[in-house]
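Trainee: Need the 3D shape of this:
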Amino acid sequence: MGDRANFGFRDGENTLFVYGHWAGYQMLAQLANAVNEAEPRWSDNGYAIRIAVSHLVGDQWTEKTGWGLYINQIADNEHHVPIVDFQNRTFALYEHNWSWDNTKIKYLADTPKFTMPLDQFVAKYQKVSVP
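Mentor: Got it, this is the predicted structure:
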């Protein structure tokens, strides 16, 4: 059981994927909130990625299960796969593809279902918490 999801962060030719075993629920809102937290560092890929990943994982960094990190491949998956590109300030949504023979990223379709500017993605999907 689980609600498996992957979140991608492009860094040049490579993509870091964060796998969350229970991360599928409201995954785009979770990602938009994490990306928004990284907004002051969008121009510095390494920092922006670290901030966003830290917000996704939250206080579960010391857990032995629940989250994983992969380079250029997704893990077990039950949802479309979002990829954030801070350098180009874009968000894209991909289908997973378990027959990966001709794909650039293992288990991911080569072309996105859609792409949008990163600021528009945050504005559309971010959930603002009320104190």
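
Trainee: Any buried residues in stretch 118-128, and which?
Mentor: Neighbour-count burial for stretch 118-128 flags 118, 121-122, 125-126 (criterion: 16 or more other C-beta atoms under 10 Å). C-betas here are computed from N, CA, C, even on glycine.

Trainee: Check stretch 24-35 too.
Mentor: Buried residues in stretch 24-35 (16+ other C-beta under 10 Å): 24, 27-28, 30-35.

Trainee: How about residues contacting it?
Mentor: With C-beta atoms under 8 Å, 6 or more residues apart in numbering as the test, stretch 24-35 has contacts from 2-5, 7, 20, 23, 51-53, 55-56, 78-79, 82, 84, 91, 118, 121-122, 124-127.

Trainee: Same check on stretch 42-51?
Mentor: Counting by C-beta under 8 Å, 6+ apart, 9, 11, 16, 34, 37-38, 41, 86-87, 89, 118 sit against stretch 42-51.

Trainee: Could you pick out the buried ones from those residues?
Mentor: 9, 16, 34, 37-38, 41, 86, 118.

Trainee: Extract the C-alpha trace of the one helix or strand Leu69 maps to and format it as PDB.
Mentor: Element membership for Leu69, per DSSP states H and E: strand 67-71. C-alpha atoms of strand 67-71 as PDB (Å, rounded to 0.1, in the frame of the first residue of the first chain):
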ATOM      1  CA  TRP A  67      11.400   8.900   0.900                       C
ATOM      2  CA  GLY A  68      14.200   8.200  -1.600                       C
ATOM      3  CA  LEU A  69      16.400  10.000  -4.100                       C
ATOM      4  CA  TYR A  70      17.100   8.900  -7.600                       C
ATOM      5  CA  ILE A  71      19.200  10.400 -10.500                       C
END
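
Trainee: how much distance is there from it to the middle of the chain?
Mentor: Centroid displacement of strand 67-71 relative to its chain, using C-alpha atoms, centre = their mean, to the nearest Å, is 11 Å.
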